[in-house]
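1. Sequence first, then the predicted structure:
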Amino acid sequence: MAREAAATAYRMRVQGVSVAATKSTITDVVTAADRAAEQQVCEALRRLRPEDAVLGEEFGEAGTGDAAVRWIVDPIDGTVNYLYGVPHSAVSLAVEVDGTVVAGVVRNIVNGEEWTATAGHGAWRDGQRLRCSTELDLGQALVATGFGYDPRRREHQARVVAGLIPHVRDIRRLGAAALDLCFAAEGRVDAYFEKGLAAWDLAAGGLVATEAGLRVGGLAGTAAGPDLVIAAPPGLFAPLHDRLAALDAAGGP
């Protein structure tokens, strides 16, 4: 399903795509391809798994509220990249059972790279099992992050990055949370953090990261979620966590 949705999104990008709507701010865009790809996934799920619930970024919750199985779909993670032709956007699809994510796939729309994970059975790309970075020194860590669309939140996040960057190797802001988590899973970056992720941003990529050995959580023992997501190798998690806590990374709007 993710592969077919990615093919649809790719085809629509080649044909030319425009903004269909905006969400939280005027820069938080939705394209016709977002809607078409999500509808395609939802229709396939209705045929194959009619009793399951579905949570999608564009169309919200569907299905029975008491369903044990729920699918979580982000039809295009990195929509602004997609709109501008930056080759860093993905379809993200995960499934949870009784509230726990058990399987997920993230597929880059442009180049076809695909990451998969199942709970307890590892994370994979192109038949290779993934292992996260073994970096222990925060000063040598390449750290990815992202920014929200609300100008006040972006201002706070910029202050956090300004406070963090003297203490790390460098910062990468690539524009697609699910892909950032997958990059961290295979050591293309050492760690990742961001405030404001929704369930569809985190579900599949978070499982890939976890199954590759990353510790994924929030501040002060909380679960990863909208307040903050930190994904880092176990030996790097504490120093990154403590620096982010000192910078009030979970604060602001």
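-> Structure's in. What do you need? Here the structure is a predicted model, which means the values were calculated and not measured.
2. that's a strand at L244, yeah?
-> No: under DSSP: H, G, I helix; E, B strand; the rest coil, L244 sits outside any strand and is assigned helix.
3. Give the burial count for it, as a bare number.
-> Counted with other CB atoms under 10 Å, residues neighbouring L244 total 22. Every residue, glycine included, has its C-beta placed from N, CA and C.
4. One more: V101?
-> For V101, the neighbour count with other CB under 10 Å is 21.
5. try V54
-> 22.
6. tell me the contacts of it?
-> 41-42, 45, 61-63, 70-73 (CB atoms under 8 Å, 6 or more residues apart in numbering).
7. of those residues, closest to R13?
-> V41 (17.2 Å; CB to CB).
8. Which residue, neighbours along the chain excluded, lies closest to H241?
-> Residue nearest to H241 in three dimensions, not counting chain neighbours: I230, with 5.8 Å by CB to CB, 6 or more residues apart in numbering.
9. Assign a three-state SS to the one you found, would you?
-> Three-state secondary structure (criterion: three-state DSSP) places I230 in strand.
10. Got phi/psi on E113?
-> Main-chain dihedrals, E113, degrees, to the nearest 10: phi -60, psi 140.
11. Just give the nearest non-adjacent residue to it, would you?
-> R125 (6.6 Å).
12. Backbone dihedrals for that neighbour, please?
-> phi -140, psi 130.
13. if I pick A90, what's in contact with it?
-> 6, 74, 76-78, 106-109, 176, 178-179.
14. Any of these buried? List them.
-> Buried subset of those (neighbour count, 16 or more other CB atoms under 10 Å): 6, 74, 76-78, 106-109, 176, 178-179.
15. quick one: which of these sit in helices?
-> Applying DSSP state H to these, the entries found in helices are 6, 178-179.
16. Of those, just say which sits nearest to Q140.
-> Out of those, the member with the shortest distance to Q140 (by CB to CB) is L179, at 22.5 Å.
17. Which residue would you name as the spatial centre of the protein?
-> Nearest to the geometric centre of the chain sits A178, at 2.4 Å (CA atoms, centre = their mean).
18. quick one: that residue from R107, how far?
-> Counting by CB to CB, to the nearest Å, the gap from A178 to R107 is 10 Å.
19. Give me the subset of the contacts of A90 that lies in strands.
-> Using DSSP state E to define strands, the subset of those located there is 74, 76-77, 106-108.
20. can you list the residues you listed in JSON lines and add distance to Q140?
-> Shown next, in JSON lines, are the ones in strands among the contacts of A90 (distance: CB to CB, whole Å):
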{"residue": "D74", "distance to Q140": "32"}
{"residue": "I76", "distance to Q140": "33"}
{"residue": "D77", "distance to Q140": "28"}
{"residue": "V106", "distance to Q140": "26"}
{"residue": "R107", "distance to Q140": "31"}
{"residue": "N108", "distance to Q140": "27"}
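21. For my notes, please list those residues in JSON lines and give pLDDT and distance to G225 for each entry.
-> Formatted as JSON lines, the ones in strands among the contacts of A90 follow (pLDDT from 0 to 100; distance: CB to CB, whole Å):
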{"residue": "D74", "pLDDT": "96", "distance to G225": "16"}
{"residue": "I76", "pLDDT": "96", "distance to G225": "22"}
{"residue": "D77", "pLDDT": "97", "distance to G225": "17"}
{"residue": "V106", "pLDDT": "98", "distance to G225": "19"}
{"residue": "R107", "pLDDT": "98", "distance to G225": "24"}
{"residue": "N108", "pLDDT": "98", "distance to G225": "25"}
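22. centre of the chain versus stretch 42-56, how much separation?
-> Stretch 42-56 sits 21 Å away from the centroid of its parent chain (CA atoms, centre = their mean, to the nearest Å).
23. can you give me the helices in the chain?
-> 2-15, 32-48, 79-84, 151-164, 177-185, 199-211, 234-246.
24. quick check: angle from the second one to helix 199-211?
-> This means helix 32-48. 70 degrees (axes from the mean of the first three to the mean of the last three CA atoms, to 10 degrees).
25. Many thanks, I have nothing further to ask.
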